[in-house]
Structure formats: structure tokens, C-alpha cells
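> can't give you the sequence, but here's the structure:
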């Protein structure tokens with residue numbers, strides 16, 4: 001098995017090998033191993049749908065829509081959820097393997113469908129990232145998901161699943177820990193306050209993670225985003241939301257600075273950055289200038305060149321992404337960001 005630890009992976013090797021042709025077009029059933037109907041609405045629903053909050057005793061469905069895990073990963077996740085008073089139902093295919101994927105496309109999609117259709121399941125938690133969510137986006141029934149709103153959470157490659165469900169079903173999704181994440185006190189606090197208590201919380205970095213303003217000020221808008229390379233690879237597909245007056249957040253891991261430059265530039269020339277009202281570059285773990293002594297810009301220089309001219313409040317360093325301490329970010333919920341103080345304040349609850 002090609003073991004990838006907790007959603008951290010060499011994304012360059014994956015995308016170089018796989019190519020991105022799947023993203024802009026919907027392939028015929030024979031090419032995508034499609035066995036489920038694509039009932040995608042023509043446009044994102046006007047009304048944003050919020051899922052019910054969690055409570056002790058609820059059942060969480062475990063799904064694995066990207067790269068493989070082993071039984072130890074599943075048991076680790078089950079123990080973490082049990083400490084929160086939650087029961088677990090395993091997806092039928094969560095231990096499947098198909099090369100670098102957690103099973104066939106149709107089976108990974110079927111697990112998601114089954115969990116949304118199962119009245120006993122109150123939330124869905126993805127086990128890990130890696131690669132694979134893009135491949136199943138045309139196989140999902142977005143009307144079924146909208147008719148059965150539930151919390152669904154993850155990060156890294158799960159970005160594409162979260163954005164597609166938000167864009168096509170109009171349902172709030174959650175960028176936060178996967179099952180194999182480190183369930184530490186910081187992450188648990190935001191998970192519980194937002195998903196159990198239904199709080200409209202203010203998110204403040206832990207003391208050891210400092211934020212830095214790219215451009216000062218405050219901005220409001222629906223917060224949307226995720227992993228930068230995953231999001232960028234979705235440009236041109238029908239699975240991204242309306243960006244008008246949104247707060248865009250991105251995070252990344254293991255990318256050379258020039259690649260960050262290229263991806264942000266792609267968002268710029270695609271017209272996305274010109275529509276947003278605020279910007280957060282969360283974390284860029286292990287992002288380096290490159291090999292040997294090749295000349296390079298710094299990440300602050302890239303952000304200054306591309307983001308600062310937008311004339312919107314923007315900051316760097318939020319506790320989001322491939323780091324142990326992470327916020328639970330409700331995609332689609334209105335927030336206010338303060339670039340001077342590096343905070344995110346929810347303006348309403350993300351659950352009902």
C-alpha cells in the first residue's frame with residue numbers, strides 16, 4: 001500500500017502523474033466507472049442550508065473518499081470520537097485499496113451517498129486526504145445531499161468534496177480535522193464550540209502561531225476555501241461556488257514558492273481574486289525557495305505582489321491546514337476578518 005501519513009503527501013507527483021483533464025469536463029460513465037446518477041443542479045441554490053448540530057450519542061459515518069488507510073487508522077478515529085460521546089458507523093468501503101486510491105470511484109462515492117441517505121447517521125467524517133475526491137464529484141447526487149443536510153468535515157484533498165457540495169447543494173460544509181488528525185485540545189475546542197454548541201465563535205490563533213497583515217483592515221463575507229493546489233486544479237470545473245464578496249482562505253504544504261506564485265496567479269487571471277472581499281493565506285508548511293541556490297522570491301514577496309494590489313483586507317498565518325492546531329472553518333457562513341489582529345469572527349451559527 002502506498003502509505004501517506006495524515007493527509008500529507010507529495011502533491012506534485014500526484015498531479016504530474018494524473019493530469020488535470022478530469023476537472024473541466026464530465027467524462028462518460030465508462031471512463032469514470034460511474035454507477036451513480038449525476039443530478040447536479042444548474043446553479044447553486046440561493047438559500048444556504050445549515051446541517052443539524054451534533055449531540056452526545058449521535059452516530060458519525062466514517063468515509064474515505066481519497067487515499068487508503070489501514071485498520072489502525074480507523075480504530076484511532078473511533079477512539080477519538082468515542083471520547084466525545086459519539087458513535088461510529090463505518091463506510092462499507094473505507095478499507096478498500098485501488099492503487100493510490102481508497103477503492104474504486106463508484107464505491108467511494110457510494111459510501112458518501114449511503115451516509116447521507118441513512119437517517120441514523122448525523123454527520124460524516126473523512127478519514128484522510130491524499131488524492132481522489134476530484135474523481136468522484138460527477139458521481140454524487142447533490143439533490144440527495146441537500147435533502148439530507150449533515151455535517152461533513154475534512155481538509156487537504158477533501159477540499160474538492162467540501163467545495164463541490166457547498167457549490168452544488170448550497171449546504172454549509174466544514175474544513176477541519178480528518179479522522180487521522182491530532183485531536184488536541186485546541187482543535188477539539190473549536191470543533192465542539194461550532195458543531196456541538198452551535199456557537200458563532202471568534203477564532204484566535206494559539207500563542208505560538210502569529211499572524212501578519214498583508215493589507216490592513218476588516219472585511220465581511222461568506223468564508224470559502226481550502227487547500228490551494230486542490231482549489232486551483234478545480235478552476236474551469238462546475239464544482240466551484242460564486243466568489244462574489246467572499247472571504248477566500250487557502251493553505252498549502254510542501255510546495256516551492258514559485259508554485260505558490262503560479263497558483264495564486266492562476267486564481268488572479270481566472271478573475272477569482274478580483275471578486276473576493278477579503279483574503280487569508282493560512283499556513284504554508286514546508287514551503288521552500290526551491291533546490292540548491294536557485295534564485296527565489298520569498299512568500300511575503302509573492303503575497304505582496306499578488307494580494308496587496310487587490311486593495312482588500314488580507315493576512316497570513318491563520319491556524320488552518322496541515323498543522324496540529326487547527327480551526328473548524330464553516331464553508332459558506334458569513335464571517336468578519338480582522339487583518340490587523342489576525343482573527344476570524346463568525347457572524348452566525350453554522351448549524352441549527
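Arrived safely, thanks for sending. Because the structure is a prediction, the values reported are computed rather than measured.
> which outside residues touch stretch 290-309?
Contacts to stretch 290-309, defined as C-beta atoms under 8 Å, 6 or more residues apart in numbering, come from residues 212, 214-215, 256-258, 260-261, 264-265, 268, 273, 279, 281, 284, 287, 289, 314, 316. All C-beta spots, glycine's among them, are computed from the backbone N, C-alpha and C.
> Pull out the buried residues from that stretch.
296, 299, 302, 303, 306, 307 (16 or more other C-beta atoms under 10 Å).
> from the residues you listed, which is closest to residue 173?
For the buried residues of stretch 290-309, the closest approach to residue 173 (C-beta to C-beta) belongs to residue 307, at 24.6 Å.
> The helix or strand residue 247 falls within pairs with which strands?
Residue 247 is located in strand 246-253, with elements delineated by DSSP states H and E. Strand 246-253 has its sheet partners listed here by DSSP bridges as strand 218-227 (parallel), strand 278-285 (parallel).
> Need the contact partners of it.
8, 11, 155, 175, 219-229, 231, 260, 272-273, 275-287, 318, 320-322, 329, 335, 337.
> Which among those count as buried?
The neighbour count (16+ other C-beta under 10 Å) marks 8, 11, 155, 175, 219-229, 231, 260, 272-273, 276-284, 287, 318, 320-322, 329, 335, 337 as buried among those.
> Can I take it that residue 188 is in a helix?
Yes - membership of residue 188 in a helix is supported by DSSP: H, G, I helix; E, B strand; the rest coil.
> residues contacting the closest residue to it other than its chain neighbours?
Take residue 188 and drop its neighbours on the chain: the residue closest to it by C-beta to C-beta, 6 or more residues apart in numbering is residue 84, 7.7 Å away. By C-beta under 8 Å, 6+ apart, the contact list for residue 84 reads 56, 188, 192.
> Which element, helix or strand, includes the closest residue in space to residue 201 that isn't next to it in sequence?
Spatial nearest neighbour of residue 201, excluding adjacent residues (C-beta to C-beta, 6+ apart): residue 193 at 5.1 Å. Using DSSP H and E, residue 193 maps to helix 185-195.
> Check what pLDDT the most centrally placed residue in the chain gets.
In the chain, the residue lying closest to the centroid (C-alpha atoms, centre = their mean) is residue 159, at 3.0 Å. Looking at residue 159, its pLDDT is 98.
> and residue 109, what element?
helix 105-117.
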